[in-house]
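Undergrad: mind folding the following:
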Amino acid sequence: MGKMNVKGLLGLVVIGVVVLLGFLAYRLILVEMITRLSDH
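TA: Next up is the predicted model:
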């Protein structure tokens, strides 16, 4: 039971990190697109 709990926790942490990275990448791409559009 303990090992399953650790695996579930690890999975949640991995999902959280992936979501955070995706959100940051999305924000960076959005900012870059906006700056490029305003430069033109």
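
Undergrad: low-confidence ranges in the protein?
TA: Applying pLDDT under 70 to the chain flags the ranges 1.

Undergrad: residue boundaries of the helices in it?
TA: All helices of the chain, identified by DSSP state H, fall at 2-39.

Undergrad: how far away is Ile29 from Val19?
TA: Taking Cβ to Cβ, to the nearest Å as the measure, Ile29 falls 16 Å from Val19. For the C-beta atoms, the positions are set from N, CA and C on the backbone; glycine is no exception.

Undergrad: that should have said Val31, apologies.
TA: Relative to Val19, and taking Cβ to Cβ, Val31 is found at 19 Å.

Undergrad: equivalent analysis for Lys3, please.
TA: From Lys3 to Val19 the distance is 25 Å (Cβ to Cβ).

Undergrad: among these two, which residue is more densely surrounded?
TA: Using other Cβ atoms under 10 Å as the criterion, Lys3 and Val19 rank with Val19 on top: 10 against 7.

Undergrad: check contacts around that one.
TA: Neighbour list for Val19: empty [criterion: Cβ atoms under 8 Å, 6 or more residues apart in numbering].

Undergrad: the one 5 residues further on too?
TA: Leu24 sits next to no residue when contact means Cβ under 8 Å, 6+ apart.

Undergrad: ok, Glu17 to Asn5 distance?
TA: Quick fix: residue 17 is Val, not Glu. According to Cβ to Cβ, Val17 stands 19 Å off from Asn5.

Undergrad: I misspoke; the intended subject was Leu21.
TA: With distances taken as Cβ to Cβ, Leu21 is found 25 Å from Asn5.

Undergrad: relative to Leu12, how far out is Ser38?
TA: Distance of Ser38 to Leu12, computed by Cβ to Cβ: 39 Å.

Undergrad: those two: who's more crowded?
TA: Leu12 (10 against 7).

Undergrad: quick check: the more buried one vs Met33, distance?
TA: 31 Å.
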